[in-house]
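> Quick one: sequence plus predicted model below, questions after.
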Amino acid sequence: MSAQQAGLREVPTLVETVAGASTSAQTGTQRITGKLLATHGYVVGIEISGSGARQSVALADLNGSILHRIRRPLEYVPDTKTVLQLLDEMLAEVMNPQRLQDGRVLRVGVAVGGLVDATRGVVRTLHHAYGWDDFPLQDYLTERLNIPCIIDNNANAAALAEVQYGAGIGERIVLYVGLGRGIGGGLVVNGKIYHGTTCSAGEIGHLLVKEHGPKCSCGNFGHLEAIASAQAISRTMIGLSVEYPETEEAISRITGARAESITAEQVFQLAADGDPIAQRIVGDVVNYLGIALANIIHLMNPSMIMLGGQVAQAGDLLLIPLQARLRDLCLPVASQDVRIVLGKLGTEANIVGAVTLALQDI
Ligand SMILES: [Zn+2]
């Protein structure tokens, strides 16, 4: 599809067109980048995860403001067909012509909770789900909707969103750490996602932090995700509490007698309230997350590390001991200027990330 067909007007270059103007993506009501200029229209963001817990579609304007959004979480691990059918229904609802008063949808962005080859637009693996290996999602959606589509890993998308709209505005070298059911990482360098050679950069959930440690979702042992993900924290808490009646009682109290539903945030709360088992688990999370981040800090020398996802909902209960741990572990020259902060977009980072992907180069 040509730029004109897509409703875009071609302009020569940013320098020629807006010489001397701000290089910000927004100038008044227009968004300008190096290649294209669009004054009217919308973008659509899609978030999908293999666990089924996060499936949403959002319609946004060209400033990135979400105008309409639908969430359809699934309770079970879905197959490819179920997810694609669900996406079809959500897209039809979000892209209802009555909502599109200001033009057409110019691009679709997808934040995928799995390994993504962003160069080819292919989902390599969708974690916790089957039938997605090497699925060409970008081409599939582009052809189905007749709208250009861009896909990327959800942590990469979240990282970009935090840099453009959230806690990382203006930062040059940023790591976003998504502490969700799994652990993902996204690196943004000079405003662009750093993908690495085979689009696997930022897969920090699989950093080895504890030899002979617990088993990871990838099959190996001692990876960060097996210790510090939301799922690992909840599982470890439930598993260890069996031998400690007082801890079991505390879990029952904080979860309203639904121990199996305990969240990572609640484990942090129990630790703060003095429960020794929760304190041991939180201690491990801070220690091993600290080791992983200290190694990254020495390699990348970032200006900011942003924490997002469910575990980051623990807020200062995670942030303050982690900052102290990193001060202990890092050379001062590497850590003195790095700010460890909570993401501003919270658990919305992935869907805002999908919208941000769609807005790139518009
Ligand atoms: Zn792993």
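Happy to help now that I have it. Numbering: from 1, shown residues only.
> If we look just around the ion, which residues of the protein are in range?
206, 216, 218, 220, 223 (Cβ under 5 Å from the ion). C-beta coordinates here come from the backbone N, C-alpha and C atoms, glycine included.
> so what's the backbone phi/psi at the residue nearest to the third one when sequence neighbours are not counted?
Nearest in space to Cys218, with sequence neighbours left out and distances taken as Cβ to Cβ, 6 or more residues apart in numbering, is His206 at 5.8 Å. Dihedral pair for His206: phi -110, psi 20, per degrees, to the nearest 10.
> His206: how many residues sit nearby?
18 (other Cβ atoms under 10 Å).
> pLDDT at it, what is it?
Per-residue pLDDT puts His206 at 97.
> my guess is it meets Gly222, correct?
No. If you go by Cβ atoms under 8 Å, His206 and Gly222 don't touch, sitting 10.1 Å apart.
> Common neighbours of the two, please.
Cys216 (Cβ atoms under 8 Å, 6 or more residues apart in numbering).
> From the centre of the chain, give me the residue that's furthest out.
Pro245 (36.7 Å; Cα atoms, centre = their mean).
> Find the nearest non-adjacent residue to Leu141, please.
Leu141's closest residue in space is Cys149 (Cβ to Cβ, 6+ apart), at 4.3 Å.
> Backbone torsions only: list them for that neighbour.
According to degrees, to the nearest 10, Cys149 has phi -130, psi 150.
> helices or strands up against the longest helix along the chain?
Looking across the chain with DSSP state H, the single longest helix is helix 276-300. Counting by 3 or more Cβ pairs under 8 Å, 6 or more residues apart in numbering; DSSP states H and E, the packing neighbours recorded for helix 276-300 are strand 173-179, helix 225-228, helix 230-241, helix 245-255, helix 264-272, strand 304-308, helix 316-329, helix 332-335.
> which of those sits most buried?
Most buried of these, by mean neighbour count (mean count of other Cβ atoms under 10 Å): strand 173-179, with a mean of 28.
> Follow the chain on from that one and name the next helix or strand.
Per DSSP states H and E, the first helix or strand lying C-terminal to strand 173-179 is strand 183-189.
> That following strand pairs with which strands, parallel or anti?
As defined by DSSP bridges, the strand partners of strand 183-189 come to strand 173-179 (antiparallel), strand 192-193 (antiparallel).
> how about the ones you listed in TSV, adding mean pLDDT?
Output for those, formatted as TSV (pLDDT from 0 to 100):
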stretch	mean pLDDT
strand 173-179	97
strand 192-193	96
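> just for the stretch 51-200 of the chain, where's the confidence low?
Under the criterion pLDDT under 70, the flagged ranges of the stretch 51-200 of the chain are 77-78.
> ok, now with 80
Counting by pLDDT under 80, the stretch 51-200 of the chain has low-confidence residues at 51-53, 74-79, 127-128.
> so where do the strands sit in it?
For the stretch 51-200 of the chain, the strands defined by DSSP state E, counting those that start in this stretch occupy 55-60, 66-71, 105-117, 122-126, 149-153, 173-179, 183-189, 192-193.
> Identify, out of these, the most deeply packed stretch.
Comparing the strands of the stretch 51-200 of the chain by mean neighbour count (mean count of other Cβ under 10 Å), strand 173-179 ranks first with a mean of 28.
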